[in-house]
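3D model of this:
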Amino acid sequence: MSKALIIGEVKNGELTKVTLEIASKARALGMELSALVFGSAEVAAKAGAAGVAQVSYNDSTEYNGEVLAAVASDIVKKGGMDTVIMPHSWMGRDIAGRLGALLDAAVISDIVDLTKEGDKLVAKKPIYAGKAYAKLAHKTKIRIFTVRPNVFEVVENKTEAKTEKVEADFSKALSKRIEFKASQGTKVGLTEAGIIVSGGRGIKGPEYFPVLQELADMLGAALGASRATVDAGWINHSHQVGQTGKTVSPSLYIAVGISGAIQHLAGMSSSKYITAINKDPEAPIFKVATYGLVDDLFNIVPVLKDEVKKIKG
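Below you'll find the predicted structure:
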């Protein structure tokens, strides 16, 4: 049986949803699961909700990618694990390469599916800015994956996780964090949001983003934006979706006044359903849209809000 280490991500004192998604998928593939969490014992134990029986944790409030990778490397070597899986987030991008170097293991990043073919784990990932997909498997003895949020379902399999504290030596790290600035961000985190409402240059100015925020709030969604609107100073960069922003995979992506440049499509084309609202019938966004509305967004959005209000009573 394959043995996997899941590197959990903690945000606002809780395990992120993508951590539980990864655990659910790994368990469905028949792996024996352990996890590593930099957080409290109580937070670490919550990995048991997705069937992780053994969780190592370190409750330091300090983050350092070098240290986390070194701790993970020791656990993998001592535990004889052949697979390491983590979120494709700022944390995963920070430590995956470090861990690969420590374990002499190849990294397949930003995967959107994982299947078993014989004794191989085959990963599917977007390539060429999301215009195609590649299927990849490792040649190295240890395999490392980073997983895009929202591509796997959380399947509860409540297990009483056994937690064990591990030591982390920060004194030998060659780098250190000197400051952390939290952006204003979105009310709902973009990368893990189930629904995203995004605005593009077609909204004509920053004054329309509050209207889209109202729609997003009604749907329990996150507010996104195209690069053009961010570059114009209409909204903070933390909302940007695309190749130079955040990569997202929500169940529903509503593109309002977004033409669909390649860079934007690269960040959202893996969404389960895409609804596009644009008055230009030749806009590239319609090539990837599940549903398309060719009309002026200033006519459609108010009607959409009214209909949502009716449904919500």
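
tell me the contacts of the nearest residue in space to Ser249 that is not next to it in sequence?
Distances taken as CB to CB, 6 or more residues apart in numbering place Asn150 nearest to Ser249, at 4.2 Å, with adjacent residues excluded. Where C-beta positions appear, they are placed from N, C-alpha and C, glycine not excepted. Asn150 makes contact with Lys17, Val18, Glu21, Thr191, Glu192, Ala193, Gly194, Val248, Ser249, Pro250, Ser251 under the criterion CB atoms under 8 Å, 6 or more residues apart in numbering.

Can you list which of the residues you listed are found in helices?
Among the contacts of Asn150, the ones falling in helices (DSSP state H) are Lys17, Val18, Glu21.

Contact partners for the closest residue to the first one other than its chain neighbours?
The spatially closest residue to Lys17, leaving aside those adjacent along the chain, is Glu192, at 5.2 Å (CB to CB, 6+ apart). Neighbour list for Glu192: Thr16, Lys17, Val18, Pro149, Asn150 [criterion: CB under 8 Å, 6+ apart].

Let's verify the spatially closest residue to Val197 that is not a sequence neighbour: helix, strand, or coil?
Leaving aside its sequence neighbours, Val197 sits nearest to Ala216 (CB to CB, 6+ apart; 4.3 Å). Counting by DSSP: H, G, I helix; E, B strand; the rest coil, the backbone at Ala216 sits in helix.

quick one: which of the contacts of Glu192 is nearest to Leu29?
Val18 (16.5 Å; CB to CB).

now the closest one: how far from Ala53?
20 Å (CB to CB, to the nearest Å).

Looking at the two, which one has more neighbours?
Between Val18 and Ala53, Val18 has the larger neighbour count (other CB atoms under 10 Å), namely 26 against 14.

quick one: that one and Pro87 touch, right?
Yes - using CB atoms under 8 Å, Val18 makes contact with Pro87 at a distance of 4.4 Å.

which residues are common contacts for these two?
Glu9, Val147, Pro149.

Check those for burial and list the buried ones.
Glu9, Val147, Pro149 (16 or more other CB atoms under 10 Å).

got the residues you listed as CSV, with distance to Leu265, pLDDT and secondary structure columns?
Converted to CSV, these look like this (distance: CB to CB, whole Å; pLDDT from 0 to 100; DSSP: H, G, I helix; E, B strand; the rest coil):
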residue, distance to Leu265, pLDDT, secondary structure
Glu9, 26, 93, coil
Val147, 20, 97, strand
Pro149, 18, 93, coil
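
Of those, which is the nearest to Ile258?
Nearest member of those to Ile258, counting by CB to CB, is Pro149, at 20.9 Å.

how close does the closest one sit to Ala49?
17 Å.

How about Arg227?
37 Å.

residues contacting the spatially closest residue to Ala232 that is not a sequence neighbour?
Closest residue to Ala232 apart from its sequence neighbours, by CB to CB, 6+ apart: Arg201 at 7.5 Å. If you count contacts by CB under 8 Å, 6+ apart, Arg201 has them with Ser226, Ala228, Thr229, Ala232, Gly257, Ile258, Ser259.
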